[in-house]
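1. Have a look; sequence and predicted model below, questions after that.
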Amino acid sequence: MNGMAEASLIQPGLPSSSGENVTAMVHYYRAEMARMSSWRDRLDRTSNWAITVVAALLSISLSTPAAHQGVMLFAMLLVALLLYVEARRYRFYDVYRMRVRQFERHYFAPAFSASAADPGRAPWLDALSEDLRHPRFRIDFRTALIRRLRRNYVWMYAILLLAWVLKITSPRLTADGAQQDVPISPMTIIDNAALGPLPGWIVVPIVLVFYAVIVAACLSRHKRADDDEVRV
């Protein structure tokens, strides 16, 4: 029993030659690349879900005057939920992306260079080792949220806002199905924006504040990524 316990405490053998070291690094690079690709696929899935939600609810809301304008507001909430999920996933993706970039920049790039020199024990290996021992996110949630909002979701929100404005201001798309061609008065537009027990004069400011926050987030200055960042 004691022999088995001692054997279980023996550390696996570390690479003892340059060939073994290269083999270990290549296999580890493939593993990190697989992880990065997996999280990137999850990002794409979330974006695809958001696009599907926007397309489906747009077709429901604008296809008939009987459809309530609240469908557009519901779509905004669903897209906000998907944006939250995608921002969380992006933080994980960013960790593995950075590890892959460390290999590509500090190992493979010199290996493929005609003037490559033996770097010895490079500092980037120490940084990678420390990251593996104590993994952590490289960016905070707010930064991830802003990045995904700027990259994909701001366009979805812009489409939803235009559709919502069209729904409450167009005579042919109002809830009562009016076929009049005269412009709708501002008070009628406010009334069309009502949502259940909430009158339009409350709903409209809420939507405006929501979009003001989106614009402020897109224009805000957040933590810049390093030079190795690949925008996705």
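-> Alright, I've got the coordinates.
2. need the longest helix for this structure.
-> Ordering each helix of the chain by length in residues (DSSP state H) puts helix 18-63 first.
3. I'd like the mean pLDDT over that one, please.
-> For helix 18-63, mean pLDDT rounds to 88.
4. What is the helix or strand that it is followed by packed up against?
-> Next helix or strand after helix 18-63 toward the C-terminus (DSSP states H and E): helix 70-103. Helix 70-103 makes packing contacts with helix 18-63, helix 123-133, helix 141-148, helix 154-169, helix 200-219 when contacts are defined by 3 or more C-beta pairs under 8 Å, 6 or more residues apart in numbering; DSSP states H and E. C-betas here are computed from N, CA, C, even on glycine.
5. Include distance to Gln69 when you put those into a markdown table, please.
-> Formatted as a markdown table, the helices and strands packed on helix 70-103 follow (distance: least, C-beta to C-beta, whole Å):
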| stretch | distance to Gln69 |
| --- | --- |
| helix 18-63 | 7 |
| helix 123-133 | 49 |
| helix 141-148 | 27 |
| helix 154-169 | 4 |
| helix 200-219 | 9 |
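6. Between those, which one is closest to Phe103.
-> Among the helices and strands packed on helix 70-103, the nearest to Phe103 by C-beta to C-beta is helix 18-63 (4.8 Å).
7. Distance from the chain centre to the closest one, please.
-> Helix 18-63 sits 10 Å away from the centroid of its parent chain (C-alpha atoms, centre = their mean, to the nearest Å).
8. could you give the angle of that helix to helix 154-169?
-> 10 degrees (axes from the mean of the first three to the mean of the last three C-alpha atoms, to 10 degrees).
9. Which neighbouring elements make contact with helix 18-63?
-> Short answer (3+ C-beta pairs under 8 Å, 6+ apart): helix 18-63 packs on helix 70-103, helix 154-169.
10. okay, these in CSV with distance to Ser37, mean pLDDT and mean neighbour count next?
-> Converted to CSV, the helices and strands packed on helix 18-63 look like this (distance: least, C-beta to C-beta, whole Å; pLDDT from 0 to 100; neighbours: other C-beta atoms under 10 Å):
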stretch, distance to Ser37, mean pLDDT, mean neighbour count
helix 70-103, 9, 91, 19
helix 154-169, 25, 90, 18
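11. Over to Arg136. Which of the three states is it?
-> coil (DSSP: H, G, I helix; E, B strand; the rest coil).
12. Just give the number of residues close to it.
-> When neighbours are counted by other C-beta atoms under 10 Å, Arg136 registers 7.
13. For it, list the residues it contacts.
-> Val95 (C-beta atoms under 8 Å, 6 or more residues apart in numbering).
14. show me the contacts for the residue nearest to Ile190 when sequence neighbours are not counted.
-> Closest residue in space to Ile190, ignoring its immediate chain neighbours: Gly200 at 3.9 Å, by C-beta to C-beta, 6 or more residues apart in numbering. Gly200 is in contact with Ile189, Ile190, Asp191, Asn192, Ala193, Ala194, counting by C-beta under 8 Å, 6+ apart.
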